[in-house]
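Asks: Sharing a model prediction with you, sequence too.
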Amino acid sequence: MPRPYILAETNWKHLKDESFDLAILPWGATEAHNYHLPYATDVIEGTSIAEESARIAWEQGSKVIVLPTIPFGVNTGQSDIYLDMNLNPSTQFAILKDLITVLNRQGVKKFMILNSHGGNNWKAIIRELGLLFPEMFLCVTNWFKLGSDSGVFEKPGDHADEMETSLILHLTPELVLPKEDWGEGREFKNKIKAFSEGWVWTERPWSKVTQDTGVGDPSLATKEKGETFFNLVCAKMGKLLVDLSNADINDLYQ
Ligand SMILES: [Zn+2]
């Protein structure tokens, strides 16, 4: 049966008399994830988390709708990795402006980007869109930020690491290469120490900072850890969707 909270599955018969409070847009990337994970890793994660979180919220009566996932992200730093696809931030702005124009006109006044890729940076874009659409409530969530405090993983990394490998082992195990093909995910650090301290930033040319395109050791990943973490993220995200759906956007602060 088509799920009524997934736009790509539902239909006009159902939607002609329906109205939603909150639209959720999962946004991924198409890029190498170490040797062993699919290029669509971020798309699979974002789509699965959005759909399961929306199910949780829908079953509590929240009027939420998941839009189709945008499969390309900002990969300006991965231009040296074969077929890592790139959308520039200015293109992301243009896409969002068009989509939010539809929602705004049709009265879906709350909008959330469910971001699934670390190279996508949304604050500047949301600030600018907020000025253009004063009636809209715009926000972004980065589900992967829940990883380090989850207590599920032993070796935190940031790309194709224990967390992402565990998730894909849980969600689409048929797309993960056997363990003997997993790279070690070693990161080559900038020689200037300040860059490791986090108060100065430069884009990292990916072929210079990794050997296998991974950053973070995947060796302790298991599908059980993936399932535990997935359920934990979706429970938290589902609660957020309920809260956003119920909230009066003109009375958010106390
Ligand atoms: Zn990823």
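Replies: Perfect, I can see it now.
Asks: Could you pull out the strands in the stretch 101-250 of the chain for me?
Replies: Under the criterion DSSP state E, counting those that start in this stretch, the stretch 101-250 of the chain carries strands at the ranges 110-115, 137-142.
Asks: Pick the most deeply packed of the ones you listed.
Replies: strand 110-115 (a mean of 23; mean count of other CB atoms under 10 Å). For glycine as for every other residue, the C-beta is placed from the backbone atoms N, C-alpha and C.
Asks: In terms of secondary structure, what does that one contact?
Replies: Counting contacts by 3 or more CB pairs under 8 Å, 6 or more residues apart in numbering; DSSP states H and E, strand 110-115 packs against strand 22-27, helix 41-58, helix 89-106, strand 137-142, helix 223-246.
Asks: May I see the strands of the stretch 101-250 of the chain arranged in TSV, with mean pLDDT and distance to the ion as well?
Replies: Compiled in TSV, those are given as follows (pLDDT from 0 to 100; distance: least, CB to the ion, whole Å):
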stretch	mean pLDDT	distance to the ion
strand 110-115	98	11
strand 137-142	98	12
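Asks: Flag every residue of this protein that's near the ion.
Replies: 41-42 (CB under 5 Å from the ion).
Asks: Show me the residue sitting in the middle of the chain in space.
Replies: By CA atoms, centre = their mean, the chain has its centre lying nearest to S116, at 1.7 Å.
Asks: Now for that one: which residues touch it?
Replies: By CB atoms under 8 Å, 6 or more residues apart in numbering, the residues touching S116 are 26-29, 42-43, 45-46, 49, 143-144.
Asks: so where do the helices sit in the stretch 151-254 of the chain?
Replies: 162-171, 194-197, 206-209, 223-246 (DSSP state H, counting those that start in this stretch).
Asks: re earlier: of the contacts of S116, which is the nearest to the ion?
Replies: Distance to the ion, by CB to the ion, is smallest for D42 among the contacts of S116, at 4.2 Å.
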